[in-house]
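Asker: Give the three-dimensional model of this entry:
(one chain, ligands or ions: 1)
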Amino acid sequence: MANIEAWHNRDNRYTLAAQDQLGVLTSTRAVVLQSTHVRINPEHIERFCAQWQQGTALPGGSQALDEIPWDVEHHFFDGGLRTVNWMLLLDALNFCFWAEKQQPRWTIEYKGQTLNGYWAEAAALTRAVEEGLPLWDAAYLCALDAKTLAHIFRGSQQIPLFEQRLHNAHEVGQVLQQHFQGNFSQAIEQAQGSAPRLAQLLASYFPSFNDITMYRGREVRFLKRAQICVSDLYSAFHGQSWGAFSDLEQLTAFADYKVPQVLRHFHILEYSASLAQHVDAQELLPTGSEEEVEIRAATIWACELIQRRMRTLGHNVTPAEVDQRLWLIGQDAEQMQPYHRTRTIFY
Ligand SMILES: Nc1nc2c(c(CN[C@H]3C=C[C@H](O)[C@@H]3O)cn2[C@@H]2O[C@H](COP(=O)(O)O)[C@@H](O)[C@H]2O)c(=O)[nH]1
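Answerer: Next comes the predicted model:
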């Protein structure tokens with residue numbers, strides 16, 4: 001094992017930053033250093049950063065380094081406590097939108113658009129509020145029934161993992177009532193402006209956000225939906241009010257299924273022949289498998305290394321900003337190899 005670790009870390013690139021409050025970088029570093037199915041290619045990180053810095057077209061995504069605007073067309077926003085609770089629900093249900101192999105994806109119609117995936121989820125929850133459903137109300141979420149949630153997500157096909165989404169909606173309502181007087185804003189106040197502290201609060205109080213697994217006998221923390229919820233609050237409120245966090249750079253990237261697909265497209269992630277064959281055949285990867293954990297851990301560290309390189313090139317990007325840009329590039333993924341398929345509520 002030592003020689004694999006030495007090989008991965010021969011240039012000491014995986015140094016840990018001083019603070020790692022969430023333990024995501026530390027725990028995923030151990031995976032990256034032992035990884036046998038996934039490799040991070042530093043030369044292609046260099047090439048990607050050079051392209052990004054020169055502003056040469058990055059396929060699909062905007063190459064500008066300025067902030068990505070929050071999309072208010074598909075996200076409910078009233079600037080107050082209703083929005084804060086709505087965002088918590090949005091990210092409690094923000095996972096696993098892909099269909100079975102060769103099956104069409106779940107889609108909805110909204111404002112004359114046919115949407116799928118994350119955008120369909122956000123628009124469906126916005127449409128519901130526009131139709132008068134108080135999705136920001138904790139008591140309402142506790143009592144939400146399957147028929148109503150099916151109506152909220154009405155469209156072509158059924159949204160995957162429907163029962164799990166209903167369970168998560170109930171959990172949001174119950175935990176908000178039990179611990180936060182019905183308002184997620186109370187948790188934000190408890191975090192006192194710290195992004196990792198709010199992410200940790202989410203993982204501690206809301207079980208569906210506690211995205212932790214094991215790898216070769218050791219705990220590995222990703223906390224993907226907990227972290228993206230904080231990042232989404234920051235983006236929606238432009239870093240003010242309920243989105244005012246002073247340490248957003250303490251968040252890592254969000255280990256979903258699209259960012260690794262994009263990183264692999266840029267040859268930043270390289271899969272072993274057997275893993276590549278499995279993923280490209282759109283075969284399921286069991287949750288908690290070595291392959292799945294190595295893909296997610298490499299995603300975290302590839303974004304960390306990109307962020308560090310961009311800073312040396314004079315661009316103060318955060319891992320969350322690197323992530324968002326890669327994710328948006330992945331919204332135009334027709335030319336890319338498939339993403340890995342793990343049925344999970346965590347991403
Ligand atoms: N790593 C990362 N994963 C992200 C996001 C988002 C949406 N955020 C953007 C939207 C507005 C904000 O401005 C953010 O830019 C969704 N997902 C995940 O992707 C998957 C859905 O993908 P598809 O099947 O193609 O819809 C699913 O796992 C979902 O959890 C992100 O930003 N980063």
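Asker: Contact residues of the stretch 201-347 of the chain facing the ligand?
Answerer: Applying C-beta under 6 Å from any ligand atom, one finds that the stretch 201-347 of the chain approaches the ligand through 228, 235, 254, 256-259, 323-324, 327-328, 331, 347. (Glycine included, C-beta is placed from N, CA and C.)
Asker: In contact with the residue nearest to the spatial centre of the chain, which residues are there?
Answerer: Closest to where the C-alpha atoms of the chain average out (C-alpha atoms, centre = their mean) is residue 254, at 3.8 Å. By C-beta atoms under 8 Å, 6 or more residues apart in numbering, the residues touching residue 254 are 224, 225, 227, 228, 231, 320, 323, 327, 347.
Asker: hang on, the earlier thing: quick check: the two most widely separated of the residues of the stretch 201-347 of the chain next to the ligand?
Answerer: Taking C-beta to C-beta as the measure, these span a maximum distance of 20.6 Å, between 235 and 257.
Asker: Find the nearest non-adjacent residue to residue 289, please.
Answerer: Ranked by C-beta to C-beta, 6 or more residues apart in numbering and with sequence neighbours excluded, the top spatial neighbour of residue 289 is residue 342, at 7.8 Å.
Asker: any idea how far that neighbour lies from residue 275?
Answerer: 13 Å (C-beta to C-beta, to the nearest Å).
Asker: circling back: for PyMOL, write a command that selects the buried ones of the residues of the stretch 201-347 of the chain next to the ligand.
Answerer: Of these, the buried ones go into a single PyMOL selection, burial set by 16 or more other C-beta atoms under 10 Å:
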select buried, resi 228+235+254+256+257+258+259+323+324+327+328+347
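Asker: Which of the residues of the stretch 201-347 of the chain next to the ligand sits closest to residue 156?
Answerer: Taking these together and measuring to residue 156 by C-beta to C-beta, the closest member is residue 331, at 19.3 Å.
Asker: what about that closest one, which SS state?
Answerer: coil (DSSP: H, G, I helix; E, B strand; the rest coil).
Asker: What distance do you get for the residue in the stretch 101-250 of the chain positioned nearest to the ligand to residue 269?
Answerer: Using C-beta to the nearest ligand atom, the single residue of the stretch 101-250 of the chain nearest to the ligand is residue 117, 2.1 Å away. From residue 117 across to residue 269, the span is 21 Å (C-beta to C-beta).
Asker: Comparing the two, which shows the higher neighbour count?
Answerer: The neighbour comparison of residue 117 against residue 269 (other C-beta atoms under 10 Å) goes to residue 269, with 23 against 15.
Asker: What number of residues are in the vicinity of the nearest residue to that one once chain neighbours are set aside?
Answerer: Nearest non-adjacent residue to residue 269, counting by C-beta to C-beta, 6+ apart: residue 263, 4.3 Å away. Applying other C-beta under 10 Å, we find 28 residues neighbouring residue 263.
Asker: thought residue 263 was touching residue 302?
Answerer: Yes - using C-beta atoms under 8 Å, residue 263 is in contact with residue 302, at 5.1 Å.
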